[in-house]
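Peer 1: Sequence below, structure please.
(one chain, ligands or ions: 1)
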Amino acid sequence: MGDTLLSLKGLTKAYPGVVANDDVSFDIRPGEIHALLGENGAGKSTLVKMIYGLVKPDQGQMTLKGAPYTPAEPRAARAAGVAMVFQHFSLFDALTVAENVALGMENPPKPRDLARQIRDVSEAYGLPLEPGRVVGTLSAGERQRVEIIRCLLQNPRLLIMDEPTSVLTPQEVDILFQTLRQLRAEGTSILYISHKLEEIRALCDTATILRLGKKVATCTPADTTARELAEMMVGASFNTPEPKPRDKGAVLLQVEGLSLAAPGNFGTPLRDISFQVHAGEILGIGGVAGNGQDELLAALSGERRSMAQSVWLAETAVGAMGPVKRRALGLLCAPEERLGHAAAPDLSLTENAFLTAAKRQDLTKRGLIRWGEARNFADKIIKAFDVRTPSAATAARALSGGNLQKFVIGREILQRPRVLVVNQPTWGVDAAAAAAIRQALLDLAASGAAIVVISQDLDELMEVSDRFGALNEGRLSVIHPVETLTLDQIGLMMGGAHDMEVAHAHA
Ligand SMILES: Nc1ncnc2c1ncn2[C@@H]1O[C@H](COP(=O)(O)OP(=O)(O)OP(=O)(O)O)[C@@H](O)[C@H]1O
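Peer 2: Next comes the predicted model:
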């Protein structure tokens, strides 16, 4: 027992139409970083939700330090020493760091004591964070630190992290990894969900791989290649994307001196942004999250309007048009936030297909919805993009994150856009599916569309883009052809945002 912290035996959990976890057993040792790997929908989130008391297993047992462990709710899990940092942060923008931390605690200490504790933990673990800062002004990496510090204040024995690096810059990833290694050295165990295989190879001591709800292997990631890991996950080999020869055509998207005030208190203003994208071309836009990415997408989609002459679709000034008109003309967008923004959680996939495709796919007749056609279109997306779901009647919220992402991107690509703008197109998507989405973007460009890919994944941008620019505090850098750029130059283009140097100095 001495070398096992948490033992899982025969855990099983079924949902209508799918067994999310099927007889899963493995052990987590004290002071190990244990990766949980699997393609989208393999059952990773379901498994950690059982460990954190959010979901009750249908069958199976858990023991923590040899004693039966049956958390009925997250509070019970936390009391037993299990903490979790979620992929989507649950923080209040208008409150300070310390106030947010206090809200998540069972018995928060006095404000002055709490501020001191936050400072102590942040110094001890190299996670720079000022307790009095308002959360709305923080970068994604800093928000994540709030969640981590909230967990660490409870001295957890097991810390669960769900895709922690997907919102971080390379520098922030380094800081996080130093913290996690320090926790490991102190004997804390970490259960680490990620799709980034090289990161897992660098950080994790052990990896458990799930496929279709079953455990297929436990291995040592440093002794396994990323390709081998990926192939264990999918149970087959897969292709890396290949660009087809493309001809650069006429300018299809032109943005001219686009400036917009910040939406609300915490957004970023867009400052005098200008660029062009030709038919057959992919423009990659990088940058640290929170530097105007969401605002740029909203200004291009028509969710926020600007001066008519600020945005051009071919020969038409569309800046003052709303989303419906822009869509009708062939300018389509897929935002980053898939649940709630890109898709309505409680609506079925058929209804979600209808929401953005009604016009271009001709899904209405005399004011009535052509349900048969909408369903056919949803089925087509599910098939073409390998969306794992029982049927098109399933509600969007019941899909795993990666599968919903595939649906959202597929829905726009299959509408044959003239211009497509996507934000974080492979966020939370497994390696094989990410390769398929990137290939679909390359194919769409080869067919003559102009594409803007906004992403924080630099490898992704280098793989698909012809030219690259970076957003920094709402300004777009000079745009360069990708083949002329070095990583250092890219770092400089992204530069200066959100106190990264400060974070570095403290780490
Ligand atoms: N609340 C739910 N209702 C119905 N089905 C669900 C629910 N939650 C998960 N599922 C299904 O269970 C399966 C496993 O999902 P889970 O979210 O655990 O996968 P995952 O490995 O975390 O995927 P991803 O990498 O995409 O986040 C999927 O088929 C999913 O559709």
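Peer 1: what's the burial count for the closest residue in space to Lys196 that isn't next to it in sequence?
Peer 2: The shortest distance from Lys196 to any non-neighbouring residue, by C-beta to C-beta, 6 or more residues apart in numbering, is to Thr165 (6.1 Å). Heads up, the C-betas are built off the backbone N, CA and C, glycines and all. By the criterion of other C-beta atoms under 10 Å, Thr165 has 22 neighbours.
Peer 1: any idea whether Thr165 is helix, strand or coil?
Peer 2: Here Thr165 is recorded as coil under DSSP: H, G, I helix; E, B strand; the rest coil.
Peer 1: List the contacts of it.
Peer 2: 173, 176, 194, 196, 199 (C-beta atoms under 8 Å, 6 or more residues apart in numbering).
Peer 1: Look up phi and psi at it.
Peer 2: phi -100, psi 0 (degrees, to the nearest 10).
Peer 1: just Leu129 next, same as before
Peer 2: Torsion angles, degrees, to the nearest 10, at Leu129: phi -160, psi 130.
Peer 1: just checking, it touches Thr96?
Peer 2: No. Here Leu129 does not reach Thr96: they are 10.8 Å apart, not a contact under C-beta atoms under 8 Å.
Peer 1: Remind me what the strand or helix carrying Arg112 packs against, helices and strands.
Peer 2: Secondary structure assignment for Arg112, by DSSP states H and E: helix 111-124. Using 3 or more C-beta pairs under 8 Å, 6 or more residues apart in numbering; DSSP states H and E, the elements in contact with helix 111-124 are helix 97-103, helix 140-152.
Peer 1: what's near enough to touch the nearest residue to Ala261 once chain neighbours are set aside?
Peer 2: Leaving aside its sequence neighbours, Ala261 sits nearest to Pro269 (C-beta to C-beta, 6+ apart; 5.4 Å). Counting by C-beta under 8 Å, 6+ apart, Pro269 touches 259-262, 292, 295, 474.
Peer 1: let's see it at 10 Å
Peer 2: 259-263, 292, 295, 473-475 (C-beta atoms under 10 Å, 6 or more residues apart in numbering).
Peer 1: Same question for Leu471.
Peer 2: 268, 270-271, 273, 285-293, 295-296, 454, 477, 493-494, 497.
Peer 1: since we're on Lys110, how many residues are nearby?
Peer 2: With other C-beta under 10 Å as criterion, Lys110 counts 9.
Peer 1: Same question for Pro111.
Peer 2: Counted with other C-beta under 10 Å, Pro111 comes out at 13.
Peer 1: how close does the closest residue to it other than its chain neighbours get to Leu91?
Peer 2: Nearest non-adjacent residue to Pro111, counting by C-beta to C-beta, 6+ apart: Ala98, 6.4 Å away. When distance is defined by C-beta to C-beta, to the nearest Å, Ala98 is 12 Å away from Leu91.
Peer 1: Between those two, which contacts overlap?
Peer 2: Joint contacts of Ala98 and Leu91 (C-beta under 10 Å, 6+ apart) are Val146.
Peer 1: would you turn the contacts of Thr165 into a markdown table with distance to Leu347, pLDDT and neighbour count?
Peer 2: Compiled in a markdown table, the contacts of Thr165 are given as follows (distance: C-beta to C-beta, whole Å; pLDDT from 0 to 100; neighbours: other C-beta atoms under 10 Å):
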| residue | distance to Leu347 | pLDDT | neighbour count |
| --- | --- | --- | --- |
| Val173 | 35 | 84 | 17 |
| Leu176 | 35 | 89 | 24 |
| Ser194 | 30 | 88 | 21 |
| Lys196 | 31 | 82 | 18 |
| Glu199 | 34 | 88 | 19 |
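Peer 1: Which one of those is nearest to Gln87?
Peer 2: Ser194 (10.4 Å; C-beta to C-beta).
Peer 1: residues in contact with the closest one?
Peer 2: Ser194 touches 35-37, 44, 161-166, 200, 203-204, 207, counting by C-beta under 10 Å, 6+ apart.
Peer 1: Cheers, nothing more for now.
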